[in-house]
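Engineer: here is the input, now give the coordinates:
(one chain, ligands or ions: 1)
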Amino acid sequence: MKPLEITLGAASIVMFAGAVLGLAPELQLGSISPPAGLKPYTLSERRGRATYVDLGCMYCHSQQPRDKVQAPDEERGWGRAATPGDYSYDRPHLLGTMRTGPDLLNIGVRQPSEDWHLLHLYQPRAVVPGSIMPSYPFLFVKKDRNLLYPGDRTLKVPPPYDEPGVAVVVTEEARDLVAYLKSLKRNHPTDELPPPVPPPEEAKP
Ligand code: HEC
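Structural biologist: Next up, the predicted model:
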């Protein structure tokens, strides 16, 4: 084969891929603006998001509740089907493909308690018996109970995970991660979804 043919062939493959993977999505979704009900992430939430990426949470958790037609995600309590606008502030998005654990795009709605999240990260089995989620003890610092600083925020750890005389101090990194988890709420109204199909009319006598 001649060099010119090879070059032209390679160039057309690259251009085709660029059109399908870059141009087409931009034309389809580029004009969508952030929904009024969606707030941008705060600095703390953004730091927490970076930790979420670092720790690989998305290898087990998706962030994309699906439509009723595809999966019973709404019945599972994971929220309405996600729309493109829901990801307006997500760069890069963290859709995920694995669902070893529940979808988290609406975890801030169903679990707003900071204490719950902190203890769950420290030791998932302390709040969900039999959980297979890994624990993240390195997001906390263990200290002698008598050597705490006045500003230290401690975690109440239930038995058998507590240790006598040891206080578990919450780090800034853990608080940021929980701030991010609590910010995951996509329950604002959206006009991007088709209107719900009305239930079939009951047969009239
Ligand atoms: C090896 C897979 C795995 C990894 C990695 C993982 N999780 Fe989980 N996660 C699970 C499973 C399984 C559950 C369900 C049991 C439970 O609640 O502990 C869960 C539950 C949760 C829940 C509660 C969800 C609900 O609906 O109640 C939150 C919040 C959560 N994970 C956050 C995280 C965060 C943050 C990370 C990263 C630091 C992470 N997970 C990493 C498997 C995982």
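Engineer: now the closest residue to Cys57 other than its chain neighbours: how far from the ligand?
Structural biologist: Nearest residue to Cys57, sequence neighbours excluded (Cβ to Cβ, 6 or more residues apart in numbering): Leu104, at 7.7 Å. The way it works is simple: take the backbone N, C-alpha and C, and place the C-beta from them, glycine included. Leu104 sits 6 Å away from the ligand, going by Cβ to the nearest ligand atom, to the nearest Å.
Engineer: tell me the contacts of Leu104?
Structural biologist: Cys57, His61, Ser62, Gln63, Leu181, Leu184 (Cβ atoms under 8 Å, 6 or more residues apart in numbering).
Engineer: thought the second one was touching Leu95?
Structural biologist: No. Using Cβ atoms under 8 Å, His61 makes no contact with Leu95, being 10.4 Å away.
Engineer: okay, these two: which has more neighbours?
Structural biologist: His61 (20 against 14; other Cβ atoms under 10 Å).
Engineer: if we can go back for a sec, which SS class is the residue nearest to Cys57?
Structural biologist: The local conformation at Leu104, judged by DSSP: H, G, I helix; E, B strand; the rest coil, is coil.
Engineer: the helix or strand of the chain with the lowest mean pLDDT: which residues count as buried?
Structural biologist: When the helices and strands of the chain are scored by mean pLDDT, DSSP states H and E, helix 24-29 comes last with a mean of 90. For helix 24-29, the buried set under the neighbour-count rule, 16 or more other Cβ atoms under 10 Å, is empty.
Engineer: and what of stretch 36-55?
Structural biologist: Across stretch 36-55, burial judged by 16+ other Cβ under 10 Å covers Ser44, Glu45, Arg47, Gly48, Arg49, Thr51, Tyr52, Leu55.
Engineer: and the last one, how close does it get to the ligand?
Structural biologist: In this structure, Leu55 and the ligand are 4 Å apart, going by Cβ to the nearest ligand atom.
Engineer: look up phi and psi at that residue.
Structural biologist: phi -80, psi 0 (degrees, to the nearest 10).
Engineer: confidence score at the residue lying closest to it once chain neighbours are set aside?
Structural biologist: Setting aside the residues directly before and after it, Leu55 is nearest to Tyr136 in space (Cβ to Cβ, 6+ apart), at 6.7 Å. Note for Tyr136: predicted pLDDT of 98.
Engineer: and the helices in the chain, which stretches?
Structural biologist: Per DSSP state H, the chain carries helices over the ranges 3-18, 24-29, 43-54, 107-110, 114-122, 124-127, 172-183.
Engineer: near the ligand, which residues of the protein?
Structural biologist: Residues of the chain lying close to the ligand by Cβ under 6 Å from any ligand atom are 52, 55-57, 59-61, 100-102, 104, 107, 111, 124, 128, 131-134, 136, 177, 181.
Engineer: if you set the cut-off to 8 Å instead, what comes out?
Structural biologist: By Cβ under 8 Å from any ligand atom, the residues of the chain that approach the ligand are 51-52, 55-57, 59-61, 77-78, 98, 100-104, 107, 110-111, 117, 120-121, 124-125, 127-128, 131-134, 136, 177, 181.
Engineer: please list all residues in contact with Thr171.
Structural biologist: Leu139, Phe140, Val141.
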